[in-house]
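# Generate coordinates for the sequence data below:
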Amino acid sequence: MKIRTGFVSNSSSSSFCIYGICIDEEKAKEALMNYGVSEEELSDGVAEYADQSFWSEKRKLKEEGKTPEEIKEIIQKKKEQNPMFSMEVNCPYEDLFIGESWSNIGDNETGSQFKNKIQQQLEKVFGENIKCSTLEEAWRDG
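Coordinates of the predicted model:
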């Protein structure tokens with residue numbers, strides 16, 4: 001039998017730390033539709049749209065037997081076609097937090113290069129007036 005001596009909680013918690021923007025969901029939907037995303041694709045919300053497109057593609061490529069290197073190359077091409085393709089979207093409150101996790105920084109990429117890449121990707125969809133920053137949040141349910 002294992003005995004746990006530390007703090008134990010039955011509450012669930014969530015957290016994230018991304019580099020990106022905080023934006024109202026309606027403004028995000030409008031910007032995405034102006035970029036060419038259909039209203040149907042956004043019917044379940046911006047977060048669901050972003051999540052489904054990336055993970056379903058990654059899962060499909062794995063099922064096809066692609067190597068990790070091939071998957072990375074295909075994903076990079078998809079990012080070039082659709083800047084929102086790999087973005088993380090969190091919505092713990094009313095606004096959306098859209099960006100990319102700091103854990104996705106490349107092995108040979110500096111922090112500055114990572115920030116510039118994300119800024120440029122988000123500007124393609126949301127315009128040049130956006131201001132990116134590190135966004136982090138944690139909350140507990142229950």
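
# Please enumerate the strands of this structure.
With strands called from DSSP state E, the chain shows them at 12-24, 88-90, 95-101, 133-141.

# so where is this protein shaky, pLDDT-wise?
1-14, 140-142 (pLDDT under 70).

# Centroid-nearest residue for it?
Nearest to the geometric centre of the chain sits Glu88, at 1.1 Å (Cα atoms, centre = their mean).

# list the contacts for it?
By Cβ atoms under 8 Å, 6 or more residues apart in numbering, the contact list for Glu88 reads Phe16, Ile18, Gly20, Ala50, Phe97, Ile98, Gly99, Glu100, Ser101. Heads up, the C-betas are built off the backbone N, CA and C, glycines and all.

# wait, isn't Gln119 in contact with Ser133?
No: contact criterion Cβ atoms under 8 Å: Gln119 and Ser133 do not qualify, at 10.1 Å.

# Give me the more crowded residue out of the two.
Shown here are Gln119 and Ser133; by other Cβ atoms under 10 Å, Gln119 has more neighbours (17 against 12).

# residues touching that one, list them.
Counting by Cβ under 8 Å, 6+ apart, Gln119 touches Ile130, Cys132.

# quick one: it from Arg59, how far?
In this view, Gln119 and Arg59 are 29 Å apart by Cβ to Cβ, to the nearest Å.
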